[in-house]
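*Asks:* build me a structure from this.
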Amino acid sequence: MDDEDVANRKVSFRKCLEHLSGAGKAIGVLTSGGDAQGMNAAVRAVVRMGIYVGAKVYFIYEGYQGMVDGGRNIVEASWESVSSILQVGGTIIGSARCKAFRTREGRLRAAHNLVQRGITNLCVIGGDGSLTGANIFRKEWSGLLEELAQNGEIDKEQVQKHAYLNVVGMVGSIDNDFCGTDMTIGTDSALHRIIEVIDAIMTTAQSHQRTFVLEVMGRHCGYLALVSALACGADWVFLPESPPEEGWQENMCIKLSEVTCVLCPSTAGASDRRV
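*Replies:* Residues are numbered from 1 along each chain as shown. Model (predicted):
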């Protein structure tokens, strides 16, 4: 792509932004489930882009628990609220597991708290459970508002005004296990940390002529194990997607023995394992 193409794309992007308007709209942003490096960058992007187009943006502290509890857990964010957080790990708005949100009663309370602030746009940054919960909430939204109106907690005008809930999910998971994404939030940082650890333990492995077994995160996805094994030159790797064949123990021992003989006893390779 030459400089002219880049310039044209920038102009096209600016024109696209000029037509966006968030006037009169409110966006809630929350982080849920396990924290992942990069969540703060995602929160910052949502807040500043929302404010840029003229919308109100609200922090929802402590994930779904904060949405259910309401009160001081839902606070309007400003441009300065997200300053100097790009390089910070974890999430500045907190994260928590929430049993209450799994029940209809809990989701009813969450819907009431959002309607009171005019929030009908939700950005959920989390993993599989968090995004599944968001989808259930979206599907039930109209029914929840009708129930709130029947209970006298909101009026019919509010039901009509806030009839639709728009949800955007941003996958915050170091496992890189979500279909349709090139790399989920936190994966690159996790890989970086794995390689740092391998570099550190290699010196000990060499000093004591030992082979180290390193287990990494991933659950049912072997992405981190595979890529880190390639990056560090591991001698053996186990992946959930490709279970070892019968007799792997003997084959692995032969492989490690060959490496030891070729490189000399002080440079036995470190193995990267994912189970």
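
*Asks:* from here on, just use CA atoms for contacts and neighbour counts.
*Replies:* Will do.

*Asks:* show me the shaky parts of the chain.
*Replies:* Along the chain, the parts satisfying pLDDT under 70 run over 1-2, 6, 10-11, 13-19, 259-275.

*Asks:* mind running it again at 50?
*Replies:* The chain contains residues with pLDDT under 50 at 260-275.

*Asks:* biggest helix in it, by residue count?
*Replies:* Counting by DSSP state H, the longest helix found in the chain is helix 128-150.

*Asks:* so what's the spatially most central residue of the chain up against?
*Replies:* In the chain, the centroid-proximal residue (Cα atoms, centre = their mean) is residue 172; its distance is 0.4 Å. By Cα atoms under 8 Å, 6 or more residues apart in numbering, residue 172 lies in contact with 35-36, 38-39, 125-127, 184-186.

*Asks:* buried subset of those residues as a PyMOL selection?
*Replies:* Buried residues within those, by 16 or more other Cα atoms under 10 Å, are selected in PyMOL with:
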select buried, resi 35+36+38+39+125+126+127+184+185+186
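
*Asks:* in a markdown table: the contacts of residue 172, plus secondary structure and distance to residue 135.
*Replies:* Below are the contacts of residue 172 laid out as a markdown table (DSSP: H, G, I helix; E, B strand; the rest coil; distance: Cα to Cα, whole Å):
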| residue | secondary structure | distance to residue 135 |
| --- | --- | --- |
| 35 | coil | 20 |
| 36 | coil | 21 |
| 38 | coil | 23 |
| 39 | helix | 20 |
| 125 | strand | 13 |
| 126 | strand | 13 |
| 127 | coil | 12 |
| 184 | coil | 19 |
| 185 | strand | 19 |
| 186 | coil | 22 |
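
*Asks:* can you give me the helices in the stretch 101-250 of the chain?
*Replies:* In the stretch 101-250 of the chain, the helices defined using DSSP state H, counting those that start in this stretch lie at 104-116, 128-150, 156-161, 187-207, 223-232, 248-263.

*Asks:* quick one, which of those gets closest to residue 90.
*Replies:* Proximity to residue 90 (Cα to Cα) singles out helix 187-207 among the helices of the stretch 101-250 of the chain, at 11.5 Å.

*Asks:* which one, of the helices of the stretch 101-250 of the chain, ends up nearest to residue 238?
*Replies:* helix 223-232 (7.7 Å).

*Asks:* just checking, what packs against that closest one?
*Replies:* Contacts defined by 3 or more Cα pairs under 8 Å, 6 or more residues apart in numbering; DSSP states H and E place helix 223-232 against helix 187-207, strand 271-273.

*Asks:* buried stuff in it?
*Replies:* Going by neighbour count (16+ other Cα under 10 Å), the buried part of helix 223-232 is 223-226, 228-229, 232.

*Asks:* lovely, talk soon.
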